[in-house]
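Q: Here is my input, please return the structure:
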Amino acid sequence: MYLIFEGIDTSGKSTQAALLKKAFPDAILTKEPGGTPLGGKLRELILHEGVHSHKAELFLFLADRAEHYAEVIAPNRNKLIISDRGFISGIAYAMANHPEYKLNFLLTLNRFALDDTLPDLVILLKTNEALMKERMGAKSKDMIEKRGIAYLLRVQQHMIDILNQLNIKYRIYDASEPTESIHHKIKGLLA
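A: Now for the predicted structure:
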């Protein structure tokens, strides 16, 4: 099973992905961007050095996604794959950066990068402005987080809209719920 955790920064997706890996030790835990050696370099470039062109950023995320699919997803399709982010984020951020880009266009690019392989399940952790402010606190912000909370909440709404339009199994959980409660619900989906 190919499972993707989605959500904007501070939603708790990385925490939930790690908890699920602990519950299923044989699972493959990975992330986008950064789940491959090339992806690690692209992640550093995008999140910490910064890219001026939103188009270049889109193509770098797609390059990471294609490499990630070839190196991690395809060879492990017979195992539980837990990915911290995936193509839903890629499309949502691209739509926030380029309102003129439509879902079908971005979906075509992502299907190409993924060899037309979409996840079996997407878990979206939905947050809100107050929770984001609380969790971000004094944490240092990467280049995308520096775009601000309103931007990130717009990305989150795009994620929800995308999931509602695709024929993919998904669940949305309130990120303000206790961590263990969310984890228990997610584990129940895989039982």
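Q: Can I get stretch 104-115 as CSV, trimmed to CA atoms?
A: Written as CSV, here are the backbone C-alpha positions of stretch 104-115 (Å, rounded to 0.1, in the frame of the first residue of the first chain):
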residue,chain,number,x,y,z
ASN,A,104,-5.9,19.0,-15.0
PHE,A,105,-2.6,20.6,-16.3
LEU,A,106,-0.8,20.0,-13.0
LEU,A,107,-2.3,16.5,-12.6
THR,A,108,-0.9,15.6,-16.1
LEU,A,109,2.6,16.7,-15.1
ASN,A,110,2.4,14.8,-11.9
ARG,A,111,1.0,11.6,-13.5
PHE,A,112,3.9,11.8,-15.9
ALA,A,113,6.4,12.1,-13.0
LEU,A,114,4.7,9.2,-11.2
ASP,A,115,4.4,6.9,-14.2
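Q: Burial check on Glu71, number of neighbours?
A: 16 (other C-beta atoms under 10 Å). No exception for glycine: its C-beta is placed from N, CA and C like everyone else's.
Q: With Ile182 instead?
A: Ile182: 20 surrounding residues under other C-beta under 10 Å.
Q: go on, Ala18?
A: With other C-beta under 10 Å as criterion, Ala18 counts 15.
Q: ok, now Asp64?
A: By other C-beta under 10 Å, neighbour count at Asp64 equals 26.
Q: And Tyr2, by the same measure?
A: That count, for Tyr2 with other C-beta under 10 Å as the rule, works out to 22.
Q: right, and it touches Tyr69 too?
A: No: Tyr2 is not in contact with Tyr69 according to C-beta atoms under 8 Å; the separation is 9.9 Å.
Q: Give me the common contacts of those two.
A: Thr117 (C-beta atoms under 8 Å, 6 or more residues apart in numbering).
Q: Other residues contacting the helix or strand where Leu109 lies?
A: Counting by DSSP states H and E, the element that carries Leu109 is helix 103-113. Residues from elsewhere that reach helix 103-113 (C-beta under 8 Å, 6+ apart): 58, 62-63, 65-66, 69, 87, 90-91, 94-95, 118, 162, 165-166.
Q: Now for the residues you listed: which two are most distant?
A: Ala63 and Gln165 (25.0 Å; C-beta to C-beta).
Q: for this structure, which helix is longest?
A: helix 149-165 (DSSP state H).
Q: now the angle from it to helix 103-113?
A: 80 degrees (axes from the mean of the first three to the mean of the last three C-alpha atoms, to 10 degrees).
Q: Just confirm Lys55 is within a strand.
A: No: Lys55 sits outside any strand when classified using DSSP: H, G, I helix; E, B strand; the rest coil, being helix.
Q: List the contacts of it.
A: Per C-beta under 8 Å, 6+ apart, neighbours of Lys55: His98.
Q: all helices for the chain, in order.
A: Under DSSP H, the chain gives helices at 13-23, 37-44, 54-68, 87-97, 103-113, 129-136, 149-165, 179-190.
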